[in-house]
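S.K.: Sequence first, then the predicted structure, then my questions.
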Amino acid sequence: MKDRTIKIIYDSVLIYIIFYIINIFLIYTLDYFNTLHVNSILFIYFVFLTFFSALLSKHYGYKITFIDTKNIFKTLLLTLIVFYSSTLLFNPFYSQNNSNEFNFKNIYNNGNLSHLFLSIFIVPIFEEYFFRGFLLHKFIKHKKNISGIILVSALFALGHFHIFNLNINIDFVLMFFRLFVLGVLLSLTRIKFGLFYSIFGHAIYNLVSVLFTTSILNIYILDYVNQQYYWFIYSVFTLIVFLYLSLLFRR
């Protein structure tokens, strides 16, 4: 049993490293293209990787639960609330603002529209199919859910950092933990409800984040509340996430 677990971890990390090396190569290559070409190349790349991850799953005989159709609208609403709440977990550690720099017209600037499309519709599908559909399923198949959730969430978090420009500081720790928690939420959602809901939750998270980073719209509600109510409202959103986590862990 122990040897099997080591084999699963070894295979998962090896495949992840191959994908990571390809990503590093792509990042360096894309420096020579303009924004529109970059997003076009990324679109083709992520679509290819999505199909490749699906083929890997089929090759290894993994029958992945894509969607639990029972109570679909209720589950979609729950996923929406939980993953929006998760975007606020680390709000106290960041200096967000609601200044006039946010303008919906920014959606047409610097390739923001194609970036938004990639972040909401393409990247979540690929990352969920690869991390939660393929890698995590290797552990689920052998009833190693907890080990799988921890390892895959760590790999998911690390995959968002450029290893050659890595700067280990408090910002790195916060971002890593933020992405690790997101990975755990996505993993539990995929195990309990199916891959469709983890893709949906991932898309919601990316939507909120990208709207903010591109200065299109700030929908971090905590940036608008009166300071005297801030910690109460923050506690409510945090409680939603932890209740969701504890509920799914027990199941």
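M.R.: Okay, I see it. Numbering: from 1, shown residues only.
S.K.: which stretches of the stretch 101-250 of the chain form helices?
M.R.: 112-117, 123-127, 136-141, 145-158, 170-193, 195-213, 227-250 (DSSP state H, counting those that start in this stretch).
S.K.: Redo those helices as a markdown table? Include mean neighbour count and mean pLDDT.
M.R.: Bear in mind the C-beta positions are built from the backbone N, C-alpha and C, glycine included. Listed next are the helices of the stretch 101-250 of the chain as a markdown table, based on neighbours: other Cβ atoms under 10 Å; pLDDT from 0 to 100:
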| stretch | mean neighbour count | mean pLDDT |
| --- | --- | --- |
| helix 112-117 | 17 | 82 |
| helix 123-127 | 22 | 85 |
| helix 136-141 | 22 | 80 |
| helix 145-158 | 19 | 90 |
| helix 170-193 | 19 | 91 |
| helix 195-213 | 21 | 93 |
| helix 227-250 | 13 | 89 |
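S.K.: Of all those helices, which one is nearest F104?
M.R.: helix 195-213 (9.2 Å; Cβ to Cβ).
S.K.: Show me the contact partners of the closest one.
M.R.: With contacts defined as Cβ atoms under 8 Å, 6 or more residues apart in numbering, helix 195-213 is touched by 64-68, 75-76, 79-80, 82-84, 86-87, 96, 115-116, 119-121, 123-125, 127-129, 132-133, 182, 185-187, 189-190, 216-220.
S.K.: Which of the helices of the stretch 101-250 of the chain sits closest to V47?
M.R.: helix 123-127 (7.8 Å).
S.K.: re earlier: rebuild the helices of the stretch 101-250 of the chain as CSV, extending it with distance to P92.
M.R.: Output for these, formatted as CSV (distance: least, Cβ to Cβ, whole Å):
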stretch, distance to P92
helix 112-117, 26
helix 123-127, 26
helix 136-141, 30
helix 145-158, 20
helix 170-193, 11
helix 195-213, 16
helix 227-250, 7
